[in-house]
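Trainee: one predicted model, sequence on top.
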Amino acid sequence: MKLLDIYQNAVACGELQPDPAQEAALCALERLRLDLSRPRKRGWFRRAAPAPDGIYLWGGVGRGKSMLMDMFARSLGPSVRRVHFHGFMQEVHEGIARAKAQGAVDAIQPVAEQMARGIRCLAFDEMQITDITDAMLVGRLFEALFAAGIVIVATSNRHPEDLYKNGLNRQLFLPFIALLQQKMLVHELLSPKDYRQDRMAGQGRYFTPLGPAARAYMDQIWMDLAGGPGQHFTLEVKSRRVMIPEFRNAIARMSFAELCGAALGAVDYLALVQEAKVLMLDDIPMLGRANASEAKRFVTLIDAVYEAQIGFVASAAAAPEALYPSGTGSFEFERTASRLAEMQAVGWGRG
């Protein structure tokens with residue numbers, strides 16, 4: 001079935017709203033889907049025919065890029081691999097370390113060969129480059145993938161020319177930007193709507209008391225926002241690894257125990273809110289003397305979420321103003337309670 005037919009069926013069922021900008025992007029994705037669905041022909045000397053150009057789909061937060069990517073990837077089945085870009089880069093670093101340990105002269109090539117095995121397309125969600133090491137690696141890796149005939153589809157909040165903007169030694173990254181624009185159709189998703197905000201505006205963001213009902217609400221919001229099962233994601237923070245058990249479409253979900261019960265601090269929380277557009281936090285308990293350290297971390301976490309202006313959804317033992325009823329720190333917690341209440345307002349989380 002054509003992607004536009006799938007989309008229009010979802011609109012007819014009320015699952016999606018009609019959006020001309022999304023439909024225009026689907027037309028480009030459909031052309032690529034048809035190319036990838038055909039057997040790859042070989043030329044006179046048995047060299048494979050050139051791979052079709054990929055697509056670089058960019059636009060503002062919440063415009064539906066990840067949803068369209070999911071639709072495209074599902075339509076192609078096992079010939080495409082869909083992965084969050086940061087998860088992909090973690091695989092790259094681990095693969096390079098293994099290749100070097102095995103004595104590879106060029107550690108990039110075996111990593112690219114392994115990734116290209118058995119697929120025709122790599123679909124990256126949330127592509128961004130913020131690290132000088134990644135900036136240097138990704139150019140050589142993409143060259144190897146393109147040379148292997150792999151088609152790349154990517155979503156991003158930035159135009160290719162704005163990738164790694166103002167980064168250290170950015171001039172060394174410019175040939176990669178030129179390569180992207182040569183090998184990929186750059187398509188801007190010009191939808192005026194932020195659908196993530198629309199979905200969050202139509203439902204609660206803070207559920208109390210804890211129990212099956214609160215868990216069910218959290219699960220439903222996860223499906224509405226993330227659109228499918230989460231993946232493990234690792235943040236690299238000052239040579240430490242912070243595990244996020246569920247991460248998809250820039251939505252992070254963790255429990256209070258995982259995020260505030262571990263020995264984490266402001267630098268970890270700042271790294272988290274830079275990666276996530278929405279944080280879902282399960283099972284916030286009553287706070288007091290018995291868990292004072294966890295409560296302090298929670299205050300630091302909420303400060304990071306508040307300053308970053310990302311979305312926040314939580315389940316908790318009590319309303320914000322009743323979470324920390326007495327004891328050392330309860331007075332200072334009033335500011336945190338106020339911020340928790342503010343973050344439930346319609347329109348919050350546009351950062």
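Mentor: That came through fine.

Trainee: list the buried residues in the top strand by length along the chain.
Mentor: Longest strand of the chain, by residue count under DSSP state E: strand 240-248. Going by neighbour count (16 or more other CB atoms under 10 Å), the buried part of strand 240-248 is 242, 244, 246, 247, 248. Bear in mind the C-beta positions are built from the backbone N, C-alpha and C, glycine included.

Trainee: do I have it right that the last one meets residue 275?
Mentor: No: counting by CB atoms under 8 Å, residue 275 is not a contact partner of residue 248; they are 12.0 Å apart.

Trainee: residue ranges with poor pLDDT in the stretch 51-200 of the chain?
Mentor: Applying pLDDT under 70 to the stretch 51-200 of the chain flags the ranges 194-200.

Trainee: now the end-to-end length of stretch 99-106.
Mentor: 8 Å (CA to CA, to the nearest Å).

Trainee: which residues does that stretch contact?
Mentor: With contact meaning CB atoms under 8 Å, 6 or more residues apart in numbering, stretch 99-106 is reached by 107, 110, 111.

Trainee: now render those as JSON lines, adding neighbour count and distance to residue 206.
Mentor: Below are the contacts of stretch 99-106 laid out as JSON lines (neighbours: other CB atoms under 10 Å; distance: CB to CB, whole Å):
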{"residue": "107", "neighbour count": "19", "distance to residue 206": "47"}
{"residue": "110", "neighbour count": "17", "distance to residue 206": "48"}
{"residue": "111", "neighbour count": "25", "distance to residue 206": "43"}
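
Trainee: from these, which is closest to residue 94?
Mentor: Relative to residue 94, the closest of the contacts of stretch 99-106 is residue 111; by CB to CB it sits at 9.0 Å.

Trainee: now do the helix or strand where that closest one lies: distance to the chain's middle.
Mentor: If you go by DSSP states H and E, residue 111 is part of helix 108-116. Put simply, helix 108-116 sits 23 Å off its chain's centre (CA atoms, centre = their mean, to the nearest Å).

Trainee: who are the packing partners of it?
Mentor: Helices and strands touching helix 108-116, by 3 or more CB pairs under 8 Å, 6 or more residues apart in numbering; DSSP states H and E, are helix 85-101, helix 132-147.

Trainee: and which of the contacts of stretch 99-106 is nearest residue 57?
Mentor: Distance to residue 57 across the contacts of stretch 99-106 (CB to CB) is lowest for residue 111, with 24.9 Å.

Trainee: how close does the closest residue to the closest one other than its chain neighbours sit to residue 118?
Mentor: What sits nearest to residue 111 in space, not counting adjacent residues and going by CB to CB, 6 or more residues apart in numbering, is residue 95, at 3.9 Å. For residue 95, the distance to residue 118 equals 16 Å [CB to CB, to the nearest Å].

Trainee: hmm, who's touching whatever helix or strand residue 25 lives in?
Mentor: Element membership of residue 25, judged by DSSP H and E, is helix 20-37. Outside of helix 20-37, the residues within contact range by CB under 8 Å, 6+ apart are 2-4, 7, 52-55, 57, 59, 63-65, 68, 71-72, 75-76, 79-80, 120-121, 151, 153, 185, 187, 189-192.

Trainee: grab the most central residue of the protein for me.
Mentor: With distances taken as CA atoms, centre = their mean, the residue of the chain nearest its centroid is residue 250 (3.2 Å).

Trainee: contacting residues for it?
Mentor: Neighbouring residues of residue 250 by CB under 8 Å, 6+ apart: 61, 66, 126, 275, 276, 277, 278.

Trainee: kindly recompute the last result at 7 Å.
Mentor: 126, 276, 277 (CB atoms under 7 Å, 6 or more residues apart in numbering).

Trainee: before we move on, what about residue 53?
Mentor: Residues counted as contacts of residue 53 (CB under 7 Å, 6+ apart) are 183, 184, 185.

Trainee: hang on, the earlier thing: and after the helix holding residue 111, which helix or strand comes next?
Mentor: Sequence order places strand 121-125 as the next helix or strand after helix 108-116, per DSSP H and E.

Trainee: so what does residue 103 have for phi and psi?
Mentor: Here is the backbone geometry of residue 103 (degrees, to the nearest 10): phi 90, psi 20.

Trainee: right, and residue 294 touches residue 260 too?
Mentor: Yes: at 4.6 Å, residue 294 counts as touching residue 260 under the criterion of CB atoms under 7 Å.

Trainee: the two: who's more crowded?
Mentor: residue 260 (25 against 18; other CB atoms under 10 Å).

Trainee: number of nearby residues for residue 29?
Mentor: 22.

Trainee: measure it to residue 138 for me?
Mentor: Distance, residue 29 to residue 138, using CB to CB: 23 Å.

Trainee: that older thread, distance between the helix holding residue 25 and the chain's centre?
Mentor: Distance of helix 20-37 from the chain centroid (CA atoms, centre = their mean) equals 22 Å.

Trainee: list the buried residues for it?
Mentor: 21, 22, 25, 26, 28, 29, 30, 32, 33, 36.
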